[in-house]
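K.L.:
pasting the sequence and the predicted coordinates here, then a few questions.
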Amino acid sequence: MPHVNTKFDRPDPALVERLSEYSSATIHEAQGRLGALSSTIKPVDDAMSLCGPAFTVRCAPRDNIMLQVAIAYARPGDVIVVSAGEYAEAGSFGDVLANACVAKGLGGLITDTGVRDTRELRELGFPVFSLSVSIKGTVKETVGPMAEPVMIGGEIVRPGDVVRGDADGVVVVRREDLGEAVRRSQERVDAEAGYIAAYRAGKSVIEVSGLAAVLEAKGLLIDE
Ligand SMILES: O=C([O-])CC(=O)C(=O)O
Ligand SMILES: [Mg+2]
């Protein structure tokens with residue numbers, strides 16, 4: 001009989017809360033341009049946002065049995081991260097399962113397959129990020145691993161890593177890097193606030209971004 005894991009270490013909830021204050025793009029940049037999932041994985045609605053420990057699960061394409069098992073064993077605040085073979089032609093999750101997630105206080109769902117019932121998902125406000133929207137139903141047949149590292153959107157996500165999603169996309173932060181990601185994200189927000197203040201004060205992009213030296217080194221001459 002295959003054995004399925006449900007246990008893993010979760011990150012400090014206070015740090016997860018702090019990370020949620022930063023956008024996915026900011027965190028990705030702050031990590032040295034790492035951790036971004038493929039841009040094909042997007043929220044069902046721009047207003048949807050999530051940040052929480054990944055509860056990972058692998059499903060066969062067009063089969064959602066392990067996703068349902070994951071919902072049963074995930075803890076409040078967890079984000080279900082489903083790797084299902086980048087298969088767009090399946091609606092593996094919808095408003096019925098979303099209500100199960102909401103009742104358990106889960107933090108959201110990210111999947112590299114499709115979802116359906118999007119109008120109801122928007123009304124429910126449960127954050128769902130997917131590769132596609134598809135009405136095609138799934139079977140419940142193939143068992144597989146849970147709470148193990150999975151590949152999604154070109155990145156490895158491990159159980160207990162933190163996933164942050166917003167209108168722009170999803171980024172993963174390694175559990176052990178969480179404190180550093182928060183610190184560097186705040187540094188970046190501070191730096192960007194400085195750039196914006198300089199632009200509003202009428203400074204040039206070339207000056208603020210320090211481009212003069214780069215352009216000169218590349219031999220670019222600009223006629224004014
Ligand atoms: O029933 C399913 O397998 C997926 C779905 O549409 C729902 O959760 O509402
Ligand atoms: Mg449905």
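P.N.:
The structure has been received and is ready for your questions. Ligands and ions are numbered 1, 2, ... in the order given.
K.L.:
residues from this protein in reach of ligand 1?
P.N.:
64, 91, 93-97, 116-117, 138 (CB under 6 Å from any ligand atom). For the C-beta atoms, the positions are set from N, CA and C on the backbone; glycine is no exception.
K.L.:
Gly105: which of the residues you listed is nearest?
P.N.:
Leu97 (14.6 Å; CB to CB).
K.L.:
just give me the neighbour total for the closest one.
P.N.:
21 (other CB atoms under 10 Å).
K.L.:
that one contacts Val69, correct?
P.N.:
No. Contact between Leu97 and Val69 fails when scored by CB atoms under 8 Å: they sit 11.6 Å apart.
K.L.:
average pLDDT across stretch 31-50?
P.N.:
For stretch 31-50, mean pLDDT rounds to 98.
K.L.:
can you list the buried residues in it?
P.N.:
31, 34-37, 41-45, 48-50 (16 or more other CB atoms under 10 Å).
K.L.:
out of the residues you listed, which comes closest to ligand 1?
P.N.:
The nearest member of the buried residues of stretch 31-50 to ligand 1, counting by CB to the nearest ligand atom, is Val44 at 12.8 Å.
K.L.:
show me the contacts for that closest one.
P.N.:
115, 118, 121-122, 128-130, 133 (CB atoms under 8 Å, 6 or more residues apart in numbering).
K.L.:
do that again at 10 Å, thanks
P.N.:
Contacts here follow CB atoms under 10 Å, 6 or more residues apart in numbering; on that basis Val44 touches 98, 109, 115-119, 121-122, 126-130, 133.
K.L.:
of all the residues in this structure, which one is nearest ligand 1?
P.N.:
Gly94 (2.7 Å).
K.L.:
that residue - nearest residue in space that isn't next to it in sequence?
P.N.:
Spatial nearest neighbour of Gly94, chain neighbours left out: Asp117 (3.5 Å); criterion: CB to CB, 6 or more residues apart in numbering.
K.L.:
could you do Pro13 as well?
P.N.:
Nearest one to Pro13, counting by CB to CB, 6+ apart, is Gly77 at 7.1 Å.
K.L.:
any idea how far that neighbour is from Gly194?
P.N.:
34 Å (CB to CB, to the nearest Å).
K.L.:
okay, those two: which has more neighbours?
P.N.:
Gly77 (19 against 11).
K.L.:
close enough to count as contact, the more buried one and Ala54?
P.N.:
No. Contact criterion CB atoms under 10 Å: Gly77 and Ala54 do not qualify, at 11.1 Å.
K.L.:
shared neighbours, these two?
P.N.:
Joint contacts of Gly77 and Ala54 (CB under 10 Å, 6+ apart) are 10, 107.
K.L.:
show me the helices in this structure, by range?
P.N.:
13-19, 24-30, 65-73, 95-104, 118-124, 178-200, 205-208, 211-217 (DSSP state H).
K.L.:
many thanks, we can stop here.
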